[in-house]
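A.B. asks: Model the structure of this input:
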Amino acid sequence: MMEEYILRINDVTKQFKNFTALNQVRIQLKQGKIYGLIGKNGAGKTTLMRLITGLSYPTQGSIELFGENKEAGLRRERKRVGSLIEYPALDGNMTAKENMKLHRIIRGIPNKTIEDELLQMVGLGDTKNKKVKDFSLGMRQRLGIAIAMIGNPELLILDEPVNGLDPVGVVEIRNLIKRICEERNITILISSHNLPELYQTATDYIIIDKGRVCQTLTLPELEKKCSHHLVIECDEVEKLVQVFETKLQTTDYRVLQDGSVHLDGFLEDRKYVMKTIVDSGIIPTKFAVEGDTLENYYLPVIGGKNND
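C.D. replies: Numbering: from 1, shown residues only. Next comes the predicted model:
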């Protein structure tokens, strides 16, 4: 039986001399989901990915991979992990097929057919004798993903795979990632400093800033937080919510600390809502449609505007 969580990060801290790159990080990943690791450059995303893949070790805390948390077990289970961290290690004077063969041999994988199969999967099956040095950045990233998939991993870790790509390249990588997850039931952890970019890809989100996990949420939770709603202000809030419950027959509202009321689900019927409120003897001092954009939601969570 598959473990409920294929990866657990348990209160992991990573320090480099006087700098704390990760601080008490706790994350759990389930099978078959795409997790977006969101944070500004320098937030700790790459450090976390290096710890998971064994390229670095935590100062404190522990990592559990496929149920194993001892060092010998982790080394064994990391064979079930594929990764593309920072830039793909490609030989520019080789073709895509030659690069695939090199990495397959390095990994000790005897199955030669995996090379063509994966090149087809990432859309590089027809590059033939073209040298990698003549590839576009998007083609290199797709080849890097194919190399990360050589060991038929159950967990795929991709560090900023669309960084620097043109819009067409971004769409190609996005579609590839979704297809890998859906067709192979692989768990994917993908990092980015751009929430709108990952919004169309991930099923779950982990927001990290200054080495700490600020928030974890699912796509429906993110959409709810960013969804548009009616914002109504008046001098008789208690009477207003009674109107919602008795006349509009809804409890889908929230009374905020500033006294404003957010009403969900009536965007198409706002004239009717306004008429019902006024007919009940309530005079709104504010009646508007509002909602967060992804950026407006994300920036206050990480406490800043820059990606530096």
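A.B. asks: can you list contacts of stretch 228-236?
C.D. replies: Outside of stretch 228-236, the residues within contact range by CB atoms under 8 Å, 6 or more residues apart in numbering are 240, 259-264, 266-267, 270, 273, 277, 282-291. Any C-beta I mention is one placed from the backbone N, CA and C, and that applies to glycine too.
A.B. asks: Restrict those to the buried ones and give me that as a ChimeraX selection.
C.D. replies: Buried subset of the contacts of stretch 228-236, written as a ChimeraX selection, criterion 16 or more other CB atoms under 10 Å:
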select :240,260,261,262,263,266,273,277,282,284,287
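A.B. asks: Mind checking what secondary structure I208 has?
C.D. replies: For I208, the assignment made with DSSP: H, G, I helix; E, B strand; the rest coil gives strand.
A.B. asks: Specify the beta-bridge partners of it.
C.D. replies: V213 (DSSP bridges).
A.B. asks: tally of neighbours for it?
C.D. replies: Using other CB atoms under 10 Å, I208 has 24 other residues around it.
A.B. asks: repeat for I177
C.D. replies: 22.
A.B. asks: and the spatially most central residue of the chain, how far is that from T251?
C.D. replies: The centroid of the chain falls nearest to G36 when counting by CA atoms, centre = their mean (0.8 Å). In this structure, G36 and T251 are 32 Å apart, going by CB to CB, to the nearest Å.
A.B. asks: Just the pLDDT for N307.
C.D. replies: Listed pLDDT for N307 reads 42.
A.B. asks: do the same with Y298
C.D. replies: 85.
A.B. asks: Can you tell me how far the closest residue to I283 other than its chain neighbours is from K271?
C.D. replies: Nearest residue to I283, sequence neighbours excluded (CB to CB, 6 or more residues apart in numbering): C234, at 6.5 Å. Per CB to CB, C234 is found 17 Å from K271.
A.B. asks: Please apply the same query to S260.
C.D. replies: Look at S260 and K271: by CB to CB, they are 20 Å apart.
A.B. asks: re the thing from before, phi, psi for the residue nearest to the centre of the chain please.
C.D. replies: For G36, the backbone dihedrals are phi -90, psi 120 (criterion: degrees, to the nearest 10).
A.B. asks: Just confirm it contacts I208, I think it does.
C.D. replies: No: the criterion here is CB atoms under 8 Å, and G36 misses it with I208 at 10.6 Å.
A.B. asks: how many neighbours does the residue nearest to I283 have?
C.D. replies: For C234, the count of nearby residues is 17 (other CB under 10 Å).
A.B. asks: At which residues are the helices of the stretch 201-308 of the chain located?
C.D. replies: If DSSP state H, counting those that start in this stretch is used as the criterion, the helices of the stretch 201-308 of the chain fall at 219-226, 237-246, 270-279, 294-302.
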